[in-house]
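3D, please:
(2 chains)
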Amino acid sequence: MSINALKGFKDIVPGEVETWQFIEKTARDIFHRFDLAEIKVPILEKTDLFIRSIGDTTDIVEKEMYTFIDRNGASLTLRPEGTASVLRAYIENGLLAKKTVQKLYTIGPMFRHERPQKGRLRQFHQMSVEVLGSDHPRVDAEMMAMATLIMRELGLSASLEINSLGCPQCRPAFNKALLDFLHQTESICDDCRRRRETNPLRVLDCKSAHCQEQYLRSPSILDFLCSDCTTHFARVKEGLELLAIPYRVNSFMVRGLDYYTRTTFELVTGDLGAQSAVGAGGRYDGLVKQLGGPDVPGIGFAMGMERLALLLEQQGKTLAAPGLDLYVVALGSAAQSKGFALTQALRHAGLTATMDYQDRSLKNQMKQAGKAMARFALIMGEEELARGEAVLRNMESSGQVPFVLTGEVGTWARELAAKVI
RNA sequence: GUGAGCGUAGCUCAGCUGGUGGUAGCUUCGGAUUGUGGCUCCGAUGGUCGUGGGUUCGAGUCCCAUCGCUCACCCCA
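Okay, the predicted model is just below:
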């Protein structure tokens, strides 16, 4: 029996990886246009970091973390999300002292022990952005502008939904009003009854049409915001309007992590099966302090790479692997030896080049060259080699010209590079 | 954690109410008169029918178990 990958862990094979590279390249380019700096952080952290940041009653912490005890007896966890690690690194490296507003991005794998389904894996990948040190509403709008631009440059569409969850000053009053309402509303589904006790906010996110009808009369968080939060939310919306970014306020939108305050947002689409979010984020103003750092506000968002790749694939926007510049076709052992040296020299000269080592016939080497999508083939046969020549064939036009071999292979390679590029 | 569907070649799949695994398509490899790719034609490689039991004269097909995959619930990127 061969060994297979773990459930929910996927290989990204040639043919797929090109799409991933396209996504990553597009995103990195946009991140740099927004003056973000990349930060690379470990994927393994002390378990406490995630418990303290994500919240000990969230689903992620309660049942989805890859947690184990290492050889020293310490409890470690494969990160289920990126923010906690980046904030830990921000605090630990004293990045506040280097720049009062730090704009960071990171790209990498996350791990959650859930049952896999379409658009959801146990190891999945996110590109995430964290901006620490500013609570300006324009930063919030800028986050959404960035996420929207990434979608646009990938050629994808999704709608932006926004909400405000208030702050520790105004949220308790809403929670109470919501609980009161939910206890007065009787005809709600069993799931909602259960959620009402564990996470009342989440009840509003119920997918049952009947429940949604009831909740139309539920208290809205937006009516309970304190004046600072109200002003902040208004200015976020104003920012989006200044940037001409379409959005929809969804006061039922909640997030799965405890640390969010004020602005939250999601980029949603109907093309991902049961999953709807391609990207999501929000503000987390007390979190850095809560993790033992300075009292600086923060906001961030993440986009799911698998989900983006899935959307691109569904729209037929997959990318072909880049072809070769030149395929060296050599016949006979003398030519093969020269060809071997020439192929390496071509790479020194900056070309993408390869050759066949299986001693195939000319016809089959040409087939290989065609399959490799080579733009040119250099045919070195025994006859030509004896005359100090080879044949340079343009694989697209099928035109071919003699190529005179003078001097060393390094010289040939530079001359070929000049002709081919 | 719960539920449903599906496991036949590297991939996509035929295989009827049980009666010998398909000249199947794609891929891979080779060939179509001496040394020229793509198109076409020909040929070859490739399978313990997921695994283990059971029923039967006989199981890819029916039954049970098990493993795996997929989708959905929960939740989320």
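
shouldn't A:Ala173 be in contact with A:Asp223?
No: in this structure A:Ala173 lies outside contact range of A:Asp223 using Cβ atoms under 8 Å: 9.9 Å. Using the backbone N, CA and C atoms, a C-beta is placed for each residue, glycine as well.

which of the two has more neighbours?
Taking other Cβ atoms under 10 Å, A:Ala173 and A:Asp223 do not tie; A:Ala173 has more neighbours (15 against 11).

check contacts around the more buried one.
By Cβ atoms under 8 Å, 6 or more residues apart in numbering, the contact list for A:Ala173 reads A:Phe224.

let me know the pLDDT of it.
pLDDT, A:Ala173: 89.

so how far is stretch A:64-82 from its chain's centroid?
22 Å (Cα atoms, centre = their mean, to the nearest Å).

before we move on, what about stretch A:393-403?
42 Å.

mean confidence for that stretch?
Rounded mean pLDDT across stretch A:393-403 is 93.

list the buried ones in that stretch?
Neighbour-count burial for stretch A:393-403 flags A:393, A:395, A:403 (criterion: 16 or more other Cβ atoms under 10 Å).

over to stretch A:202-214?
When neighbours are counted by 16+ other Cβ under 10 Å, the buried residues of stretch A:202-214 are found to be A:202-206, A:211, A:214.

ok, A:Gly388 to A:Asp48 distance?
72 Å (Cβ to Cβ, to the nearest Å).

quick one: which of those two has more around it?
A:Asp48 (12 against 9).

the more buried one: what's its closest spatial neighbour, skipping adjacent residues?
Computed as Cβ to Cβ, 6 or more residues apart in numbering, the closest residue to A:Asp48 that is not its neighbour in sequence is A:Ser75, at 7.6 Å.

and the one you found, bridged to which residues?
A:Ile69 (DSSP bridges).

and the pLDDT at it?
95.

check A:His125 too.
pLDDT, read off for A:His125, is 96.

in the stretch 151-300 of chain A, where is pLDDT below threshold?
A:207 (pLDDT under 70).

near RNA strand B, which residues of it?
A:191, A:195, A:199, A:202, A:205-207, A:254-257, A:266, A:273-280 (Cβ under 7 Å from any atom of the strand).

contacts only, for A:Lys419.
A:Leu392 are the contacts of A:Lys419 under Cβ under 8 Å, 6+ apart.

my guess is it is in a helix, correct?
Yes: under DSSP: H, G, I helix; E, B strand; the rest coil, A:Lys419 sits within a helix.

which one's the longest strand in chain A?
strand A:261-272 (DSSP state E).

give me the neighbour count for the residue in chain A that RNA strand B sits nearest to.
Nearest residue of chain A to RNA strand B (Cβ to the nearest atom of the strand) works out as A:Gly256 at 1.9 Å. By other Cβ under 10 Å, 15 other residues sit near A:Gly256.

wait, it touches A:Ile60, no?
Yes: under the criterion of Cβ under 8 Å, A:Gly256 makes contact with A:Ile60 at 6.5 Å.

spell out which residues of the stretch 1-150 of chain A are next to RNA strand B.
Counting by Cβ under 7 Å from any atom of the strand, the stretch 1-150 of chain A sits next to RNA strand B at A:4, A:6-8, A:58-60, A:64, A:81, A:112, A:114-121, A:124, A:126.

can you say which of the residues of the stretch 151-300 of chain A next to RNA strand B are buried?
For those, buried by 16+ other Cβ under 10 Å: A:195, A:199, A:202, A:205-206, A:254-255, A:257, A:266, A:275-280.
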